[in-house]
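Q: when you get a sec, could you give me coordinates for this:
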Amino acid sequence: MKDTSLLKSGERLSELLNQGMTWTPGQAFALIEPVAEQAALAHEQGKQAGLTGPEDIFITERLWFCFFTAGQTEKKLAGQTGKGWPVLAALSGEKRAAAPAAGEKSPYIPLEIWVSGEPAGPRSEVYSLCAVIYHMITGVPPADASQRMKGQEAPPPSRLGIEIDAGRETALMKGLALLEKDRYSSCGELARALWPNTDREQPDSDQAQEDSKKADAAASEKKAAGVPSSRAGVMVRLWANRIALIILLIFLVSCCVILSFINPMFNLVYVILLPFALWAKSKSQVLCEMLSRKDGGAWDDYMLGTDVRRYTVISVTFLDQIPALPAQKWDVSAHRNKKVMAWREPEGDGYHFYIGAQGGVTAGTICDRLFSGCSALREVRFQNAFDTSHTVSMQGLFDGCASLERTDIDSLDLSRVRKRKNMWRGTRWE
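A: Now for the predicted structure:
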């Protein structure tokens, strides 16, 4: 373990980690707290702190907030070695000028940046900061996004034999959640979870201390009650919705039965069939899985049994509606009820392929090789119009998509997906 009293002003955290140094959880959290405070300050002011890696953090005896001084920060600190100041860590101010390129592998780059290369947002910056803390405590960085998408996990520090406060470990692992929506919304929210006893507004106020005690008590009660994890929370909400639907159906059937006694012309058959009709409607917008063409063509030569060859597709877009144009469309629904339609728009020698349904398209439980063999495919836009909450297998989803540059797969619900073999084979993210 590294004795923080022996750290030298001006040392970069990356240099220390490269030397194999580790810290106890208490030391690591104490050292990084000022860094989190700086990032939180930026978020509160509507600014971006940028993705944080060990090379962006250096040791100082006196902390300067450096978001507005950028490259001048380290020069200022060179002559500020005043006595009696505690050892602190600070952001160097020399942050990335642009977002990392899509597909760039690093344990500090979150999934959404790895897939799309878009500029980092507050939730992305929460991930990179937590990855640094995880590296300091465990001695190894978490698996990068490409490995985690293939099923490799970042085990909690306690599972590696490290003694760490349960509340802080829960907060740290939430910040390291693979999906952006499962993380804290900002570094300020992360800081309040990792350092709950730090008074940030009125440290001498009795009311502030009282509020902090109440918050701690509420957190303890929630923890004792067994708050579900993000994945468990999805299942709880799913079952809650189902139960609510069942109660609603029972109420409607009861009303219809009463009406049937009041008015004999009311057909009781409809009352009996009503629950089944509603159930069928909810299942009617499911995308087909593997369709062979009527002329004998193999399913993996054509897009979902249409006339569009896979190697000609340059983009795929999912929509929550079916427009009137173009006139030529294909029925690609699992129930063959024209609830899910596909069409194309030409561009040069290729096509933009569209899949739409009113209210969005629902994926089947098996979604294997959906885009397999689309060698010219450059972009897939799901646009929150592709429901994968019941999908359990995505094997070979992008297999052979060597030209793929961008996809918003991060917007999908992958909580139940268990099989991901060859999901990215042949792509730049393999």
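Q: could you point out where the chain is predicted with low confidence?
A: Along the chain, the model assigns pLDDT under 70 to residues 1-6, 61-87, 92-104, 198-235, 237-238, 256-257, 259-284, 289-300.
Q: can you map out the strands along it?
A: Taking DSSP state E, the strands of the chain run over residues 57-60, 88-91, 313-319, 330-331, 341-347, 350-356, 361-362, 379-381, 386-387, 406-407.
Q: want to try CSV for those strands, with distance to His43 and mean neighbour count as columns?
A: Yep, even glycine has a C-beta here, placed from its N, CA and C like the rest. Formatted as CSV, the strands of the chain follow (distance: least, Cβ to Cβ, whole Å; neighbours: other Cβ atoms under 10 Å):
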stretch, distance to His43, mean neighbour count
strand 57-60, 17, 24
strand 88-91, 13, 23
strand 313-319, 32, 20
strand 330-331, 46, 18
strand 341-347, 40, 17
strand 350-356, 37, 21
strand 361-362, 35, 24
strand 379-381, 28, 19
strand 386-387, 30, 24
strand 406-407, 26, 19
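Q: which one of those lies closest to Val132?
A: Val132 sits nearest to strand 57-60 of all the strands of the chain, at 6.9 Å, using Cβ to Cβ.
Q: look up how far Cys187 lies from the most centrally placed residue in the chain.
A: Nearest to the geometric centre of the chain sits Leu179, at 1.6 Å (Cα atoms, centre = their mean). Noted for Leu179: a distance of 18 Å to Cys187, by Cβ to Cβ, to the nearest Å.
Q: same check, this time on Ser254
A: Plainly put, Ser254 is 51 Å away from Cys187 if you go by Cβ to Cβ.
Q: so between those two, which is more surrounded?
A: Cys187 (28 against 11; other Cβ atoms under 10 Å).
Q: ok, for that one, nearest residue in space, not its chain neighbours?
A: The shortest distance from Cys187 to any non-neighbouring residue, by Cβ to Cβ, 6 or more residues apart in numbering, is to Ala39 (3.8 Å).
Q: got CSV for the strands of the chain, with distance to Val35 too?
A: Rendered in CSV, the data for the strands of the chain read as follows (distance: least, Cβ to Cβ, whole Å):
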stretch, distance to Val35
strand 57-60, 6
strand 88-91, 5
strand 313-319, 39
strand 330-331, 54
strand 341-347, 47
strand 350-356, 44
strand 361-362, 43
strand 379-381, 36
strand 386-387, 38
strand 406-407, 31
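Q: looking at the ones you listed, which is nearest to Met149?
A: Among those, the nearest to Met149 by Cβ to Cβ is strand 406-407 (11.8 Å).
Q: and the closest one, what does it pack onto?
A: Contacts defined by 3 or more Cβ pairs under 8 Å, 6 or more residues apart in numbering; DSSP states H and E place strand 406-407 against helix 111-116, strand 379-381.
Q: and the contacts of that strand?
A: Applying Cβ atoms under 8 Å, 6 or more residues apart in numbering, the external contacts of strand 406-407 come out as 102, 115-117, 378-382, 398.
Q: what's the neighbour count on Gln285?
A: Neighbour number of Gln285 under other Cβ under 10 Å is 20.
Q: do I have it right that it meets Gln358?
A: Yes: using Cβ atoms under 8 Å, Gln285 is in contact with Gln358, at 7.4 Å.
Q: what is in contact with these two at once?
A: The contact lists of Gln285 and Gln358 share Lys339, where a contact means Cβ under 8 Å, 6+ apart.
Q: distance to Glu11 added to the helices and strands packed on strand 406-407, as JSON lines?
A: Output for these, formatted as JSON lines (distance: least, Cβ to Cβ, whole Å):
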{"stretch": "helix 111-116", "distance to Glu11": "27"}
{"stretch": "strand 379-381", "distance to Glu11": "43"}
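Q: ok so, going back, enumerate every residue touching the residue nearest to Cys187.
A: 49, 52, 91, 125, 129, 187 are the contacts of Ala39 under Cβ under 8 Å, 6+ apart.
Q: go with 10 Å
A: 47-50, 52, 67, 91, 122, 125-126, 128-129, 186-188, 190-191 (Cβ atoms under 10 Å, 6 or more residues apart in numbering).
Q: ditto for Gly161
A: Taking Cβ under 10 Å, 6+ apart, one finds Thr138 in contact with Gly161.
Q: cool, and Gly356?
A: Neighbours of Gly356 in contact, by Cβ under 10 Å, 6+ apart: 285, 317-323, 329, 332, 340-343, 385.
Q: just His390 next, same as before
A: By Cβ under 10 Å, 6+ apart, His390 lies in contact with 238, 286, 362-365, 367, 413, 416.
Q: report the two of those residues separated the most.
A: Leu238 and Cys367 (18.0 Å).
Q: settle it for me: which of these two has more neighbours?
A: For the pair Leu238 and Cys367, the greater number of neighbours falls to Cys367 (23 against 14), based on other Cβ under 10 Å.
Q: and the closest residue to Gly188 other than its chain neighbours, how many neighbours?
A: Nearest non-adjacent residue to Gly188, counting by Cβ to Cβ, 6+ apart: Ala40, 3.8 Å away. Neighbouring residues of Ala40 were enumerated by other Cβ under 10 Å; the total is 20.
Q: Ala40 and Ser124, how far apart?
A: 15 Å.
Q: what of Tyr134?
A: Plainly put, Tyr134 is 16 Å away from Ser124 if you go by Cβ to Cβ.
Q: between the two ends of stretch 407-420, what distance do you get?
A: 17 Å (Cα to Cα, to the nearest Å).
Q: can you pull the contacts of Ile322?
A: Contacts of Ile322 (Cβ under 10 Å, 6+ apart): 329, 338-343, 354-358.
Q: please repeat the previous calculation with a cut-off of 6 Å.
A: By Cβ atoms under 6 Å, 6 or more residues apart in numbering, Ile322 lies in contact with 341, 356.
Q: phi and psi next, for it.
A: Main-chain torsions, Ile322, degrees, to the nearest 10: phi -120, psi 100.
Q: look up how far Gly359 lies from it.
A: For Ile322, the distance to Gly359 (Cβ to Cβ) stands at 10 Å.
Q: what ranges do the helices span in the stretch 301-430 of the chain?
A: In the stretch 301-430 of the chain, no helices are found when defined by DSSP state H, counting those that start in this stretch.
Q: cool, the stretch 51-200 of the chain as well?
A: Using DSSP H, counting those that start in this stretch, the helices of the stretch 51-200 of the chain run over 73-78, 111-116, 122-138, 145-149, 166-175, 187-194.
Q: now the fourth one: buried residues?
A: This points to helix 145-149. By 16 or more other Cβ atoms under 10 Å, the buried positions in helix 145-149 come out as 145-146, 148-149.
Q: can you redo the contacts of His390 as a markdown table with distance to Ala244?
A: As requested, the contacts of His390 are exported to a markdown table (distance: Cβ to Cβ, whole Å):
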| residue | distance to Ala244 |
| --- | --- |
| Leu238 | 11 |
| Val286 | 22 |
| Thr362 | 19 |
| Ala363 | 23 |
| Gly364 | 24 |
| Thr365 | 23 |
| Cys367 | 27 |
| Asp413 | 19 |
| Arg416 | 20 |
